[in-house]
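A.B. asks: I would like the atomic coordinates for the input below:
(one chain, ligands or ions: 3)
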Amino acid sequence: MRTLIRHGTVVTATTAAPRDVLIEGDTIARVEPEIGESADRVVDARGKYVIPGGIDVHTHLDMPLGDITTSDDFESGTIAAAFGGTTSIVDFAVQERGRPLAEAFETWMRKAAGKAVLDYGFHMIVCDLPPERESELDALVAEGITSFKLFMAYPGRLMLDDATIARVLKRTAANGGRVLMHAEDGAAIEALVRRALAEGHTAPKYHALTRPPATEADATRRAIAMAGQAGVPIYIVHVSAAETVDEIAAARARGSAVWGETCPQYLVLSDECYEAPGFEGAKYVMSPPLRPRAAHERLWRGLAHNDLQVVATDHCPFRMKDQKTLGRDDFTKIPGGAPGIETRMSLLYDSGVRSERLSLSRWVEVTATNPARLFGLYPRKGAIAPGSDADVVVWNPQREITWSASTHHMRVDYNPYEGRLVKGAPDLVLSRGRAVIDGGKFVGRAGAGQFLKRAPR
Ligand code: URP
Ligand code: ZN
Ligand code: ZN
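C.D. replies: Ligands and ions are numbered 1, 2, ... in the order given. Coordinates of the predicted model:
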């Protein structure tokens, strides 16, 4: 199958220029000012942007949490992602405490097989790792699971002690993997939570009040210091606070190998959401929490000036009607996380590019090219160049969407951006040359997505 996309503006991380794109089979064959070849399908992209498909390196599909599971599986989640202009994801496999890492890898491979409509890779969340099992990390790197997420928060569940963190960092320095850090000070938060509950504070807003910005910034400073001692680069996930961006910027200025990821919710929503009436604030219970509106400016500036390198989603959907309600009488029992796999590219385009906070190229860089570069997928993904996978989106800057739970494709009963009008959305989404979204309709196939064996550093 040959597809020729003509008369569009090809936007990459470095340029935006009028170019035709010829796709042959799975890959991009040519990118030139004018291609006069015949093709099975010719797409007129006049007035539109032709961009590499988005890469979301932070999703939680079909993820168990106690007795419940995130409400999107690999089929519904990747369909929703595709509607939003994303063509690859890197999801988190979660090790069960005391069990081999390889077991979690196999479990997550089974969850995705036959379901994912887009290509997918995995990070591994490491929940414990005695010294005699450190070689399991090396084995995963060889299998293409080249990144490990560690938690400094959630004591008793996900949090690792400093000694284990130090050993994983050291081992990863040697095996060519990468470390993603959930940087929140678990002990400080625990003390604040205990006091809030003892004082009878049970409402959703206390989730945010017990996780102040300093708990994120302090943990980030420590994580960067520990990674520096081990000699391994570190990637700080879901940065929400202005103070955390300052820590990352200062470390980068000193020459530390540290990268930062933020998410659309931290760029456009604020802690005012926790003041919603009744239990509505539970929609926004996520860790770290939404911050005061004043943080937005620092996050946008951080993205524009390369203090932060990636915008992912932390898509972690739980239904309001029967899942978030588990914490109706106790904010600590509200399952943490929010949906966003579908809304990322449009929100960033609308609030970033259209509001002149990000250039077109920077938008592509933080949503596709940098995720590919930092996680061993570049230049196969994240590029519009000969030889790259034909994961291509024809982006219509005039297409409008009003986000709503009644029309979105995520399998969850609320949308954090309900009623918000955004301008800019995909007309056509190709995954390895095959249409997945065409003119607002899903035309892909469950099981068409392939496992992405990612390269080490
Ligand atoms: O509250 C959140 N973000 N839940 C997802 C797990 C995580 O820490 O990324
Ligand atoms: Zn996290
Ligand atoms: Zn997450």
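A.B. asks: regarding the protein, what is its longest helix?
C.D. replies: Scanning the chain for the helix with the most residues, using DSSP state H, yields helix 213-230.
A.B. asks: mind listing what's buried along that helix?
C.D. replies: Across helix 213-230, burial judged by 16 or more other C-beta atoms under 10 Å covers 213, 215-224, 226-228, 230. Using the backbone N, CA and C atoms, a C-beta is placed for each residue, glycine as well.
A.B. asks: show the subsequent helix or strand relative to that helix.
C.D. replies: Where DSSP states H and E defines the elements, the next helix or strand beyond helix 213-230 is strand 234-236.
A.B. asks: which other helices and strands does that following strand contact?
C.D. replies: Using 3 or more C-beta pairs under 8 Å, 6 or more residues apart in numbering; DSSP states H and E as the contact test, the elements touching strand 234-236 are strand 178-182, helix 213-230, strand 258-262.
A.B. asks: columns mean pLDDT on top of these, output as JSON lines?
C.D. replies: Rendered in JSON lines, the data for the helices and strands packed on strand 234-236 read as follows (pLDDT from 0 to 100):
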{"stretch": "strand 178-182", "mean pLDDT": "98"}
{"stretch": "helix 213-230", "mean pLDDT": "98"}
{"stretch": "strand 258-262", "mean pLDDT": "98"}
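A.B. asks: which of those sits closest to Leu118?
C.D. replies: Of all these, the one in closest proximity to Leu118, counting by C-beta to C-beta, is strand 258-262 (19.6 Å).
A.B. asks: max pairwise distance over the buried residues of helix 213-230: which two?
C.D. replies: In terms of C-beta to C-beta, the buried residues of helix 213-230 reach their longest pairwise distance at Pro213 and Ala230, which sit 26.0 Å apart.
A.B. asks: output the contacting helices and strands for the longest helix of the chain.
C.D. replies: Here helix 213-230 touches helix 162-175, strand 178-182, helix 186-198, strand 234-236, helix 242-253, going by 3+ C-beta pairs under 8 Å, 6+ apart.
A.B. asks: show me the contact partners of the second one.
C.D. replies: Spelled out, that is strand 178-182. The contact list for strand 178-182, computed with C-beta atoms under 8 Å, 6 or more residues apart in numbering, reads 123, 146-153, 158, 168-169, 172, 219-220, 223, 227, 232-238, 287, 374-376, 457.
A.B. asks: which ones are touching the closest residue to ligand 1 within the stretch 251-400 of the chain?
C.D. replies: Nearest to ligand 1, among the residues of the stretch 251-400 of the chain, is Gly336, at 3.1 Å (C-beta to the nearest ligand atom). In this structure, Gly336 makes contact with His207, Val285, Met286, Ser287, Cys316, judged by C-beta under 8 Å, 6+ apart.
A.B. asks: what's the closest non-adjacent residue to Thr325?
C.D. replies: Phe279 (7.2 Å; C-beta to C-beta, 6 or more residues apart in numbering).
A.B. asks: and stretch 314-323, how far out from the chain's middle?
C.D. replies: Going by C-alpha atoms, centre = their mean, to the nearest Å, the spacing between the C-alpha centre of stretch 314-323 and its chain's C-alpha centre is 16 Å.
A.B. asks: right, I mislabeled it, should have said stretch 378-390
C.D. replies: With C-alpha atoms, centre = their mean as the basis, the mean position of stretch 378-390 lies at 20 Å from the chain mean.
A.B. asks: residues of whichever strand or helix holds Gly424 that come out buried?
C.D. replies: Assigned by DSSP H and E, Gly424 belongs to strand 421-431. Buried positions in strand 421-431, judged by neighbour count with 16+ other C-beta under 10 Å: Val422, Gly424, Ala425, Pro426, Asp427, Leu428, Val429, Leu430, Ser431.
A.B. asks: for that strand, which strands pair with it and how are they oriented?
C.D. replies: The pairing partners recorded for strand 421-431 under DSSP bridges are strand 392-402 (antiparallel), strand 434-438 (antiparallel).
A.B. asks: deepest of the ones you listed, which one?
C.D. replies: Taking mean count of other C-beta atoms under 10 Å as the contact definition, the stretch among the strands paired with strand 421-431 with the greatest mean neighbour count is strand 434-438, which reaches a mean of 21.
A.B. asks: and this structure, which of its residues are near ligand 1?
C.D. replies: His60, His182, His238, Met286, Ser287, Asp314, Cys316, Gly336, Gly337 (C-beta under 6 Å from any ligand atom).
A.B. asks: got a pLDDT number for the third one?
C.D. replies: At His238, the predicted lDDT confidence score is 98.
A.B. asks: what's next to the helix or strand where Leu140 lies, contact-wise?
C.D. replies: Counting by DSSP H and E, the element that carries Leu140 is helix 135-143. Identification of contacts with helix 135-143 by C-beta under 8 Å, 6+ apart yields 100-102, 105, 124, 126, 129, 146, 148, 168, 171-172, 175-177, 453, 456.
A.B. asks: now restrict the residues you listed to buried residues only.
C.D. replies: The neighbour-count test (16+ other C-beta under 10 Å) applied to the contacts of helix 135-143 identifies Leu101, Phe105, Met124, Val126, Leu129, Thr146, Phe148, Val168, Arg171, Thr172, Asn175, Gly177 as buried.
A.B. asks: could you pull out the helices for the stretch 1-150 of the chain?
C.D. replies: When secondary structure is read from DSSP state H, counting those that start in this stretch, the stretch 1-150 of the chain shows helices at 74-83, 101-112, 135-143.
A.B. asks: rewinding a little: in ChimeraX, how would I select the buried members of the contacts of strand 178-182?
C.D. replies: The following ChimeraX line selects those of those that are buried, judged by 16+ other C-beta under 10 Å:
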select :123,146,147,148,149,150,151,152,153,158,168,169,172,219,220,223,227,232,233,234,235,236,237,238,287,374,375,376,457
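A.B. asks: can you count the residues close to the residue of the stretch 101-250 of the chain at minimum distance from ligand 1?
C.D. replies: With C-beta to the nearest ligand atom as the measure, His182 is the residue of the stretch 101-250 of the chain nearest to ligand 1, at 5.0 Å. Residues contacting His182 under the criterion other C-beta atoms under 10 Å number 23.
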